[in-house]
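Peer 1: with the sequence up front, the predicted model follows.
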Amino acid sequence: MGRIIAIANQKGGVGKTTTAINLSACLAEKGQKVLAIDMDPQGNMSSGLGLDKDDIDKTIYDMIIGEAEIEEVIQRGTIENLDILPSNVDLSAVEIELIDVENKEFVVKNSVQKIRDQYDFIIIDCPPSLSLLTINSMTTADSVLVPIQCEYYALEGLSQLIHTVELVKDRLNSGLEIEGVVFTMFDARTNLSLQVVENVKDNLQQNIYKTIIPRNIRLAEAPSYGTPINQYDPRSAGAESYMRLAEEVIDKK
Ligand SMILES: Nc1ncnc2c1ncn2[C@@H]1O[C@H](COP(=O)(O)OP(=O)(O)OP(=O)(O)O)[C@@H](O)[C@H]1O
Ligand SMILES: [Mg+2]
């Protein structure tokens with residue numbers, strides 16, 4: 001049965017989507033059957049994996065409001081072994097549409113259950129909030145992977161995120177775990193990056209991935225070509241690091 005990992009951190013711009021896109025693509029390159037779920041109305045994961053987010057017939061929004069079956073929304077064939085459940089700005093209306101819906105925390109889970117057997121990994125890109133969309137991601141997931149940007153305020157907001165995971169675990173999804181944290185945008189030229197890594201290691205009682213994602217311009221460029229890093233520049237430091245992260249995630253399964 002597929003392992004479902006939500007990539008979450010309510011802090012903006014820490015590398016959630018970059019990690020979701022490239023971890024998905026690297027797992028797929030390693031022969032794993034992957035579904036990438038875009039739970040962010042920004043739709044950056046969808047476009048970063050080659051879809052035109054403003055020209056998609058049905059999105060995850062249609063699935064959530066019950067207008068489409070999950071099978072109708074999944075996009076296949078852009079990248080080998082990698083299917084995508086796309087989103088776009090339509091998804092931003094969902095919080096309001098679900099207000100009176102019973103079991104609104106489980107809408108996504110109920111759809112994903114129908115297809116999870118078809119995949120080895122399901123990777124969910126969460127929006128930068130602790131909203132109903134993130135809660136739905138956490139009830140669907142087996143674990144939460146937290147990207148942490150190597151900058152001064154790295155730990156800010158992290159206790160809130162961990163608290164939310166604990167609440168979801170207590171009340172909605174008893175099997176939920178914190179998969180671990182992964183450092184992103186590490187800059188080897190500055191002492192600050194190193195200090196942040198040391199500080200987080202000393203203060204956070206969580207699994208920390210050995211792989212550290214460096215700040216790498218190729219990772220920032222790839223989305224504008226709609227390709228993941230392993231296709232855009234397989235020899236880049238960014239590609240090598242996400243391939244290593246994929247190996248660690250597979251080994252942990
Ligand atoms: N390792 C990296 N090296 C260089 N640039 C990076 C790296 N990781 C992410 N970026 C860039 O940093 C910006 C923020 O990254 P990303 O969109 O992945 O963060 P996010 O957490 O998903 O943001 P949001 O909270 O808005 O969803 C993007 O422009 C991205 O291209
Ligand atoms: Mg994002």
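Peer 2: Nice, I can see it. Residues are numbered from 1 along each chain as shown. Ligands and ions are numbered 1, 2, ... in the order given.

Peer 1: how close does residue 27 sit to residue 21?
Peer 2: According to Cβ to Cβ, to the nearest Å, residue 27 stands 11 Å off from residue 21. All C-beta atoms are positioned from the backbone trio N, CA, C, and that covers glycine.

Peer 1: which one of the two has more residues nearby?
Peer 2: More crowded of residue 27 and residue 21, by other Cβ atoms under 10 Å: residue 21, with 31 against 27.

Peer 1: that one against residue 228, yeah?
Peer 2: Yes. Assessed by Cβ atoms under 8 Å, residue 21 is found in contact with residue 228 at 5.4 Å.

Peer 1: helices and strands of the protein: which one bottoms out on pLDDT?
Peer 2: Lowest on mean pLDDT, DSSP states H and E among the helices and strands of the chain sits helix 191-203, with a mean of 87.

Peer 1: which neighbours do residue 21 and residue 228 share?
Peer 2: Common contact partners of residue 21 and residue 228 (Cβ atoms under 8 Å, 6 or more residues apart in numbering): 48, 49.

Peer 1: who are the contact partners of residue 40?
Peer 2: 17, 87, 91, 125, 126, 127, 128, 133.

Peer 1: about what we covered before: which helices and strands does the least confident helix or strand of the chain pack with?
Peer 2: Packing contacts for helix 191-203, counted by 3 or more Cβ pairs under 8 Å, 6 or more residues apart in numbering; DSSP states H and E, involve strand 177-184.

Peer 1: using PDB, write out the CA atom coordinates for the strand it packs on.
Peer 2: This file holds the C-alpha atoms of strand 177-184, laid out as PDB (Å, rounded to 0.1, in the frame of the first residue of the first chain):
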ATOM      1  CA  GLU A 177       3.800  10.600  12.400                       C
ATOM      2  CA  ILE A 178       6.300  13.300  11.800                       C
ATOM      3  CA  GLU A 179       8.500  11.700   9.100                       C
ATOM      4  CA  GLY A 180      11.300  14.100   9.800                       C
ATOM      5  CA  VAL A 181      12.700  17.500   8.900                       C
ATOM      6  CA  VAL A 182      14.800  18.300   5.900                       C
ATOM      7  CA  PHE A 183      17.000  21.400   5.700                       C
ATOM      8  CA  THR A 184      16.600  23.400   2.500                       C
END
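
Peer 1: how about the least confident helix or strand of the chain and ligand 1, any contact?
Peer 2: No. Applying Cβ under 6 Å from any ligand atom, one finds helix 191-203 out of contact with ligand 1, separated by at least 11.2 Å.

Peer 1: and the next element down the chain from that helix?
Peer 2: Sequence order places helix 217-221 as the next helix or strand after helix 191-203, per DSSP states H and E.

Peer 1: what does that following helix contact?
Peer 2: 18, 22, 213, 229, 232, 233, 236, 237, 238, 239.

Peer 1: which element is encountered next along the chain beyond it?
Peer 2: Heading C-terminal from helix 217-221 (DSSP H and E), you reach helix 229-232.

Peer 1: how far does that following helix sit from the chain's center?
Peer 2: Counting by Cα atoms, centre = their mean, to the nearest Å, helix 229-232 is centred 18 Å from the centre of its parent chain.

Peer 1: what do you get for stretch 206-213?
Peer 2: 16 Å.

Peer 1: who in the stretch 51-200 of the chain is up against ligand 1?
Peer 2: Looking at ligand 1, the residues of the stretch 51-200 of the chain close enough under Cβ under 6 Å from any ligand atom are 128, 184, 185.

Peer 1: what's the burial count for residue 93?
Peer 2: Neighbours around residue 93, by other Cβ under 10 Å: 13.

Peer 1: let me fix that: residue 225
Peer 2: 12.

Peer 1: what is the longest helix along the chain packed up against?
Peer 2: The longest helix of the chain (DSSP state H) is helix 237-252. The helices and strands touching helix 237-252, judged by 3+ Cβ pairs under 8 Å, 6+ apart, are helix 16-29, strand 177-184, helix 217-221, helix 229-232.
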